[in-house]
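K.L.:
build me a model:
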Amino acid sequence: MNTKYYGYLENEELDETFYIRKGQVIAGYTIGILLLDVWYPLLPGNVVNASTYRYPVRHKMIPGASQARVHGGDPTLLDDIIKAGRELEMDGVRAIVGACGYLAHFQTEAAAAFNVPTYLSSMVQVPFIKAGLKPDEKIGVLCADGHSITPELLKKVGVADPGICVVKGLGEMPEFSAILKSDCGHFDNKKLCQEVVSGAVQLVRENQDIGAILLECSDMPPYAAAVQRAVNLPVFDFITMINWVHNSVAQKPYYGYV
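P.N.:
Below you'll find the model as predicted:
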């Protein structure tokens, strides 16, 4: 029996027969989000703030998923990622995403393990972004930890040529370090915004061939609009990816005049 239902329920369709898998006790979530164990403010725009979305999302923390283990791609974390993802599947989600760009370390294995489309990292957008740029243009990647954006990580998200990315990490900045260390429970939002914007401006100033910006970190989308105003370039982030995935699994019919 196929328990997936991709339709959009209209009033005239109430007489259909519907099915649900045994053990599923909730419904209506298109996106399931795997998240880390962190301690700092989660503002609107953040991947793990539910008010970021115009549709319901289902969050699930990966047990033991510290910043250090995820950024380093600790292979012993994979079993817990798969367990958490399968719990989201049981909740009825139509797609699974992550809440840290460095979950790219586990992208290949997770996509193979789950029965719904899986995009754990904002970095999966790199090939798509590059396809729309001029041949000599690059992607400026503003990230939490520049050292962890390795050729191996990029390969996991389909990037054969690491040279198309120009990477800048913000982990050593005074306010952003609160996010990277995740050990103090607070940050000055104005200063943090300034650090993210300044990092993007410096990245573009030093690399005139950048044609677009990708914000790797799940905590950076609240500042995407400010970054775009400062650099006048297309800006991609976790939310551009998640909205794209949602739209693909939650198509609605069009109505209007012809």
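K.L.:
quick check: mean pLDDT across stretch 251-258?
P.N.:
Throughout stretch 251-258, pLDDT has a mean value of 91.
K.L.:
report pLDDT for residue 92.
P.N.:
Per-residue confidence at residue 92 stands at 95 (pLDDT).
K.L.:
cool, and residue 49?
P.N.:
pLDDT at residue 49 comes out at 97.
K.L.:
and what of residue 16?
P.N.:
Reading off the per-residue confidence, residue 16 sits at a pLDDT of 73.
K.L.:
return the distance of it relative to residue 93.
P.N.:
With distances taken as CB to CB, to the nearest Å, residue 16 is found 21 Å from residue 93. Where C-beta positions appear, they are placed from N, C-alpha and C, glycine not excepted.
K.L.:
check residue 210 too.
P.N.:
Applying CB to CB, the value for residue 210 to residue 93 is 35 Å.
K.L.:
re earlier: residue 16 and residue 93 - which one has more neighbours?
P.N.:
Counting neighbours by other CB atoms under 10 Å for residue 16 and for residue 93 shows that residue 93 has the greater number, 26 against 9.
K.L.:
count of residues packed around the closest residue in space to that one that isn't next to it in sequence?
P.N.:
In space, not counting the residues next to it along the chain, residue 93 is nearest to residue 32; the distance is 3.4 Å by CB to CB, 6 or more residues apart in numbering. Taking other CB under 10 Å as the neighbour definition, residue 32 ends up with a count of 25.
K.L.:
and residue 32, that's in a helix?
P.N.:
No. Secondary structure assignment places residue 32 outside any helix; it is strand (DSSP: H, G, I helix; E, B strand; the rest coil).
K.L.:
what sits against it?
P.N.:
Under the criterion of CB atoms under 8 Å, 6 or more residues apart in numbering, the contact list for residue 32 reads 57-60, 85, 88-89, 91, 93, 95-97, 116.
K.L.:
repeat that with 10 Å
P.N.:
For residue 32, the residues meeting the contact criterion (CB atoms under 10 Å, 6 or more residues apart in numbering) are 57-60, 84-85, 87-97, 114, 116, 118.
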